[in-house]
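1. Have a look; sequence and predicted model below, questions after that.
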Amino acid sequence: MNYLKILAGLVLSFVVGFACNRFGIPAASPPVLTGALLVLMMSTGYWLVDRFVARRAAQNKRHCGGHAIETPGGAR
């Protein structure tokens, strides 16, 4: 499912880029390869950190005792 979102994002970005080029609309992206690679690497880093944090949260969820209000007897 996650790969479908990535593929849809890539296809949409190419369609928008093609339309901007075809109709002469200034694209909202850097006009040089270095800038485009910077955007790609920032997006990749964001995605990797999100996966890492989600995995760590899932591993530590079993250690979570919940809120103090949820403890037996209502003690805080």
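-> Looks like it came in fine.
2. the longest helix in this protein is where?
-> helix 33-60 (DSSP state H).
3. Quick check: which helices or strands does that helix pack against?
-> Judged by 3 or more CB pairs under 8 Å, 6 or more residues apart in numbering; DSSP states H and E, helix 33-60 is in contact with no other helix or strand. For glycine as for every other residue, the C-beta is placed from the backbone atoms N, C-alpha and C.
4. what about it, average pLDDT?
-> Helix 33-60 shows an average pLDDT of 80 in the prediction.
5. For it, list every residue counted as buried.
-> Buried residues in helix 33-60, counted by 16 or more other CB atoms under 10 Å: none are found.
6. Stretch 3-14 too?
-> Quick answer for stretch 3-14: no buried residues (16+ other CB under 10 Å).
7. Format the CA atom coordinates belonging to it as PDB.
-> This file holds the C-alpha atoms of stretch 3-14, laid out as PDB (Å, rounded to 0.1, in the frame of the first residue of the first chain):
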ATOM      1  CA  TYR A   3       4.500   1.700  -2.500                       C
ATOM      2  CA  LEU A   4       1.300   2.700  -4.200                       C
ATOM      3  CA  LYS A   5       1.400   6.100  -2.600                       C
ATOM      4  CA  ILE A   6       5.100   6.600  -3.600                       C
ATOM      5  CA  LEU A   7       4.300   5.600  -7.200                       C
ATOM      6  CA  ALA A   8       1.300   7.900  -7.300                       C
ATOM      7  CA  GLY A   9       3.400  10.800  -6.000                       C
ATOM      8  CA  LEU A  10       6.000  10.200  -8.700                       C
ATOM      9  CA  VAL A  11       3.500   9.900 -11.500                       C
ATOM     10  CA  LEU A  12       1.700  13.100 -10.300                       C
ATOM     11  CA  SER A  13       5.000  15.000 -10.100                       C
ATOM     12  CA  PHE A  14       6.000  14.000 -13.600                       C
END
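8. per-residue confidence averaged over it?
-> Rounded mean pLDDT across stretch 3-14 is 83.
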